[in-house]
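> generate coordinates for the sequence data below:
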Amino acid sequence: MRVRSETRRGNRLAWAQEWLLGGSGQSSSSHRGRHVERSETQEIERNLIAMRMRGDKWTLDRGAGYYAAERTRKKLSYLVQTGKHAGRTRVRYVGVGWRSFLAHVLRRDFFTTAVNATLVQLVAVLVVWYFSMLLGWSTVYYIIWNWNSNCFIGFHGFRSAFMYATETQQTIGYGERATGECWVAALCVSVHSLQALLLDSVILGIVFSRISHPKQRGRTVLVSDCACMARRDGQLKFMFRLADIQRRSVIDPRVRVEMYTWGGGRRTAEGERIPVIAQELSVSMDRTLLLPVVVEHNVDEASPLFGHTLQSLEGVSAEIVVTFEASSELGDTFMARQSYLPSEIHWGHTFVNIIKPPQPPDTQAEVDLSRFHDVEPQPGLGDEMTMPHRLSRRVVAGGSSGAGAVVPGRLLCENTLVLSEDAVVTCRNGRPYLMFRLGDTFPGHVVDVTVTATLYRWHASHTAEGEFLPYEEQVLEMEPSQLLLRYPVTLTHELDPATSPVAHWATQKGLRQDADAEVVVVARGTLYSRQEVVTRSRVYSVLGDVKWGHAFLPVVLPGTSATSGGNVTSSKLGAAVDWSHFHSTSPINMPPAPAAPRASPKAQSPRLSSADGNSAQPGGTGGGAGGGSTSGAAPSAASAFASDTAFASAVSTAGAHAAAHAAASVFAPGGLGGGTGTGTTSSSGLRGGGMFAPASGVHGGSRLVCVG
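Numbers count the residues shown, from 1 in each chain. So this is what the prediction gives:
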């Protein structure tokens, strides 16, 4: 064994030296080194799993009992046990004596109490009960025999009376002892026989109920001893794993999840104090249970877990209790229960894949139950040294790569609405717009979609009556109002000074004046498959999520032959949607506005100062060799959106052909002015002018001048 180890170590050292020195075998050597390292890691994992399974506390359905030991070591309070006695309640009832409590339970619910008693308790009670009856009736028979010896035949003392009582109760006849010519003995034997019959009926019923009780069926339904909180397709989810290892599946499985929070409790408006709050978590799962499933709960605005981190859950002493209920083939209902404390929820982790598809020539799928309770970290969120509290905040915030730049999966019973990660301020048909993009990854899955956009601006003011208003809340009118999400739709809000409260966003300086403002967009529709209302909302920070001078990249590709798969989906007519670029935007080349006084005070937004500070872009293109001369739209558009008189007059005298050419050059890939600008291939992480703006970019004082 040692020789084999030294040989392996020498080979790895030689491969490492060859990789450091370079050479013709560098790639193959590094590949072999990685393969050996991966094999050794897998071997170590298999050894650790085998060692864990050989432990005394490890069971298939309860795991290794690590979390139960941690609860005991840290002296944590909880409602439901985990580990060896998972599912048992730990609630203690006080206020009455234990004798009164036990007497009430035995008198009112004797049979259920007997069936649920442990085997040792049940056997002890039965033995005491039987011997008590035998001793009692043997005493009665002995007294009667002493009173009149003719009442019994073959009696010689108390031992004979005890044997006669046993023979009578168990219907045993040895032929030596019998009842004589005595009515008292005959009546006592009759009563004893009836009492023995009733006792045997009760005992047989208890034993049969215990044998046929489906409680042990719950031990073949596995519930993971820990839970995960991670993102899937950008959606934060609370997850735990569930499996049924019996070949005969259960009937009508149901999962209920409740979150109990303590903390300081809650006090109602009437002064009532509620010490604990129980809230239900809606979950979705595969109800056939043919394979192990990861039960998911979407952590959105309708979830009790929304906004919670590990620290906040610990602060309210939260406990999540999972109850699995189902019926066996015999019609008996059974259950399995598990609970999770905040320290038992792994943030930024997912469950290890244990399902292996069949590999030819094998035709059966395999499930590795040895790793049923194991989890693994998601990449990019941190390492093993990352503190759990910091990791939980990172997961809630969206991870390292951002949770917004993804689209939900094309699943039938999921919320498939998606809003763009960013908003853009751009131009369309000669008018400036604030734009968002909305789509449905499962076209037609969400119907009756409505969208609302609300602006929250931290602008303190006082009313005429002296009321202090710390912020402004204004509704932004969105178009189109009726949505059919067969393809992604661009939602627009026209920056019209007459109707829009954010008309001054047509300039970068006006946009920066609302840097602390937020726009909340809420899309609401009906999920056709489940007939329930779903929402998708996003908060756009003006400073970080609104791109000035950008436009969304086109994602609908009509007339293509793309097929469903990956991030591209196609309709029956052949049009395809490239969801991988749904959030992508591209900076557009806008003509600079020359510095001059304003044309009309009416065009100024109420939140803009008289000095706009416009300046030409260094290296910008104006009347270049490519024929991209600056041109404008009609006089009405110029007076509304142009920033100075000279530019407005130049726009008003331009011809229609020049205006059309200028509008085309604004959105042309080559830029304005004879193609001197750079390309417009977008990155969704760009803000403002971005590095793809012409020359040195769009300056802060530039105005978005729409030409058409």
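> what sits against Thr82?
Residues in contact with Thr82, defined by CB atoms under 8 Å, 6 or more residues apart in numbering, are Arg62, Tyr67, Ala68, Arg71, Asp225, Gln338, Ser339, Glu344. (C-beta placed from N, C-alpha, C; glycine too.)
> list the contacts of the residue positioned nearest the centre of the chain.
The chain has Lys237 as the residue nearest its centroid, 1.1 Å off, counting by CA atoms, centre = their mean. With CB under 8 Å, 6+ apart as the criterion, the residues that contact Lys237 are Met229, Ala230, Arg231, Glu296, His297, Asn298, Val299.
> any idea how far the fifth one lies from Val446?
Distance check for His297 against Val446: by CB to CB, to the nearest Å, it reads 20 Å.
> Val489 - how many residues pack around it?
Residues within reach of Val489, counting by other CB atoms under 10 Å, total 19.
> thought it was touching Pro480?
Yes. Under the criterion of CB atoms under 8 Å, Val489 is in contact with Pro480, at a separation of 7.0 Å.
> show me how far the host helix or strand of Leu197 is from its chain's centre.
Following DSSP states H and E, one finds Leu197 within helix 183-212. Distance, stretch centre to chain centre, for helix 183-212: 56 Å (CA atoms, centre = their mean, to the nearest Å).
> same for it, what does it pack against?
Helices and strands in packing contact with helix 183-212 are listed as helix 110-116, helix 119-147, helix 158-169, strand 178-179; criterion 3 or more CB pairs under 8 Å, 6 or more residues apart in numbering; DSSP states H and E.
> any idea of the angle the longest one forms with helix 183-212?
Right, the one you point to is helix 119-147. Taking axes from the mean of the first three to the mean of the last three CA atoms, to 10 degrees, one finds that helix 119-147 is oriented at 170 degrees with respect to helix 183-212.
> can you name the residues in contact with whichever helix or strand comes after helix 119-147?
Of the helices and strands lying after helix 119-147 in sequence (DSSP H and E), the nearest is strand 152-153. Residues from elsewhere that reach strand 152-153 (CB under 8 Å, 6+ apart): Tyr141, Ile144, Trp145, Ser160, Ala161, Tyr164, Arg177, Ala178, Thr179, Gly180, Cys182, Ala185.
> any idea which of the helices and strands packed on helix 183-212 is most buried?
Stretch with highest mean neighbour count among the helices and strands packed on helix 183-212: helix 158-169 (a mean of 19; mean count of other CB atoms under 10 Å).
> report the inter-axis angle for it versus helix 183-212.
Orientation note: helix 158-169 sits at an angle of 60 degrees relative to helix 183-212 (the same axes, to 10 degrees).
> helix 158-169: how far from the chain's middle?
69 Å.
> contact partners of that helix?
130, 133-135, 137-139, 141-142, 145, 152, 154-155, 172-174, 177, 189, 192-193, 196.
> got it, and stretch 389-397?
Outside of stretch 389-397, the residues within contact range by CB under 8 Å, 6+ apart are 229-231, 236, 307-311, 347-348, 381-382, 400.
> tell me which of these fall in helices.
In this view, these that belong to helices under DSSP state H are Leu310, Gln311.
> just the buried members of the contacts of stretch 389-397?
Buried by 16 or more other CB atoms under 10 Å: Met229, Ala230, Arg231, Leu236, His308, Thr309, Leu310, Trp347, Gly348, Leu381, Gly382, out of those.
> need those in TSV with distance to Ile320 and pLDDT, can you?
Formatted as TSV, the entries for the buried ones among the contacts of stretch 389-397 read as follows, by distance: CB to CB, whole Å; pLDDT from 0 to 100:
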residue	distance to Ile320	pLDDT
Met229	10	94
Ala230	15	92
Arg231	18	90
Leu236	15	90
His308	11	93
Thr309	15	93
Leu310	13	94
Trp347	14	94
Gly348	18	91
Leu381	22	77
Gly382	23	68
